[in-house]
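Peer 1: Next one to model:
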Amino acid sequence: MNGIEIANLYEEMDMSIAGTYGKAIETQDGGYQNKIMCTSFQSSVLDKKGSDCGSKLYYEFLLTDDNYKDFLYRYVKDSNGQLVVLNDDNKSKFIGKIVKMRSPLYCKGDKLCNKCMGDYYYKMGSHNVGLLTTEIGGIILNKSMKSFHDSTVHLKKINIDDYISS
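Peer 2: Modelled structure (predicted):
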C-alpha cells in the first residue's frame with residue numbers, strides 16, 4: 001500500500017524475472033512432454049470393429065458404484081466366461097465383484113483389437129486413438145500455466161509441540 005522500500009527493490013524486481021523465466025521453461029517442458037507422448041503413441045490405431053486378438057490375459061479389479069463409469073463399454077467376462085460389453089443395463093451384474101476385463105495392455109494384434117479396447121472409441125469415431133494423448137498433454141500444460149496465475153496464500157495450522165522434543 002505504501003510502495004516498495006528501497007532496501008527490498010532488488011528482490012522485488014528479481015521476482016518478476018524469476019516468475020517469467022519459470023513460466024517460459026515450464027511451458028516449454030509441457031510442450032516437449034506432449035510431443036513425446038504424440039510420438040510414442042502415434043502408431044496406436046484401432047483394428048476393425050468386431051476384431052479380437054484372442055488374448056487370454058485380463059485386468060482384474062473390483063468394480064464399484066464409484067468406478068464403473070470409468071470402464072463403460074469395455075469387454076468383461078460374465079459368469080459364463082463369455083465376453084460382454086459393460087454398460088448401464090448390465091452393470092448391476094458386475095458391481096461389487098472382481099471383474100476380469102480385456103485390456104489394450106495385453107492386446108496381441110498389430111492394431112488394437114475391439115475386444116481389448118472396448119467399444120468407447122468406436123462410438124466416438126476415433127480410429128487413431130494414440131493421437132488422443134494430445135488431450136492429456138494439453139490438460140497438463142493448461143494446469144501448469146494456470147498455476148502461475150494463482151497467487152492464493154494457503155495457511156495451515158501446525159502444533160509446534162509436534163516438532164519440538166524435550
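Peer 1: buried stuff in the helix or strand hosting residue 61?
Peer 2: Per DSSP states H and E: residue 61 is located in strand 59-62. Across strand 59-62, burial judged by 16 or more other Cβ atoms under 10 Å covers residue 59. No exception for glycine: its C-beta is placed from N, CA and C like everyone else's.
Peer 1: from the chain's centre, how far out does it sit?
Peer 2: 18 Å (Cα atoms, centre = their mean, to the nearest Å).
Peer 1: which helices and strands does it pack with?
Peer 2: strand 98-101 (3 or more Cβ pairs under 8 Å, 6 or more residues apart in numbering; DSSP states H and E).
Peer 1: and the next element down the chain from the strand it packs on?
Peer 2: Sequence-wise, the next helix or strand downstream of strand 98-101 (DSSP H and E) is helix 114-117.
Peer 1: Residues contacting that following helix, please?
Peer 2: The set of residues external to helix 114-117 that reach it, using Cβ atoms under 8 Å, 6 or more residues apart in numbering, is 46-53, 55, 75, 83, 102-104, 106-107, 109, 122, 129.
Peer 1: Swap in 6 Å and give it another go.
Peer 2: 49-52, 75, 102, 104, 107 (Cβ atoms under 6 Å, 6 or more residues apart in numbering).
Peer 1: Can you flag the buried ones in these?
Peer 2: 51-52, 75, 102, 104, 107.
Peer 1: These into JSON lines, with extra columns for distance to residue 4 and pLDDT?
Peer 2: Shown next, in JSON lines, are these (distance: Cβ to Cβ, whole Å; pLDDT from 0 to 100):
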{"residue": "51", "distance to residue 4": "66", "pLDDT": "97"}
{"residue": "52", "distance to residue 4": "69", "pLDDT": "97"}
{"residue": "75", "distance to residue 4": "63", "pLDDT": "97"}
{"residue": "102", "distance to residue 4": "62", "pLDDT": "97"}
{"residue": "104", "distance to residue 4": "56", "pLDDT": "93"}
{"residue": "107", "distance to residue 4": "61", "pLDDT": "96"}
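Peer 1: Much appreciated, bye for now.
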